[in-house]
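just to be clear, the model below is a prediction. Sequence and coordinates:
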Amino acid sequence: MVRIMSVDRLTDEDVKEILTKYRKIALVGASPKPERDANKVMRYLIEHGYEVYPVNPHYEEVLGRKCYSSVLDIPDEVEIVDIFVRPEFAMDYVEQAIKKGAEVVWFQFNTYSQEAFKRAKEAGLMAVAHRCMKQEHERLIGD
Ligand code: COA
């Protein structure tokens, strides 16, 4: 059987495990604007029981939750750093994910930076790329 692997080389089982095992998410590029995918995905993740900490230096609060300027300011453990910023900003957040002791860096669509992805992997984190947490949750776990 031919198995098609995506850039991150993760199988459906791997992605499902990530979505099941880890519950604490720093959502980088969080936005209060309902038209932004970051906003829709954050809402979805909260509705599905994840603890989501918004990160964006431009805002004080997103979806009623305190918004942090840095992943390092989050006063709790962070397991997944979910990235919704342009690729040129991804590396800063990967460095924060590493310092914070996160397990996974997740690059949403149009956020992938090869350098940042490589850095996360070399530091021993799992890295997910070109996927959406909401879509993958709907596809692999459902409601
Ligand atoms: N740190 C944190 N947030 C930042 C930032 C930084 N360094 N720089 C910009 N942002 C925020 C901005 O505040 C902005 O939100 P706002 O409009 O509420 O203020 C947001 O990031 C995006 O800004 P911008 O860079 O102008 O966005 P863009 O229109 O060029 O889009 C992405 C770039 C990455 C946000 C967009 O392609 C995207 O949403 N990708 C993910 C798509 C996806 O996976 N969808 C899910 C489908 S289920």
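Cool, the structure landed. Numbers count the residues shown, from 1 in each chain.

show me where the protein has strands.
According to DSSP state E, the chain carries its strands in the segments 24-28, 51-55, 61-62, 65-66, 80-83, 104-107, 126-129.

ok, the nearest residue to Leu72 once chain neighbours are set aside - contacts?
Among residues not flanking Leu72 along the chain, Gln96 sits closest, at 5.4 Å (Cβ to Cβ, 6 or more residues apart in numbering). In this view, the C-beta of every residue, glycine as well, is placed from N, C-alpha and C. Residues counted as contacts of Gln96 (Cβ atoms under 8 Å, 6 or more residues apart in numbering) are Ser70, Val71, Leu72, Val81.

mind giving me the ChimeraX select for these, buried ones only?
ChimeraX command restricting the contacts of Gln96 to the buried ones, with burial defined by 16 or more other Cβ atoms under 10 Å:
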select :71,81
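
would TSV of the contacts of Gln96 with pLDDT and distance to the ligand be doable?
Formatted as TSV, the contacts of Gln96 follow (pLDDT from 0 to 100; distance: Cβ to the nearest ligand atom, whole Å):
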residue	pLDDT	distance to the ligand
Ser70	98	9
Val71	99	10
Leu72	98	13
Val81	99	12
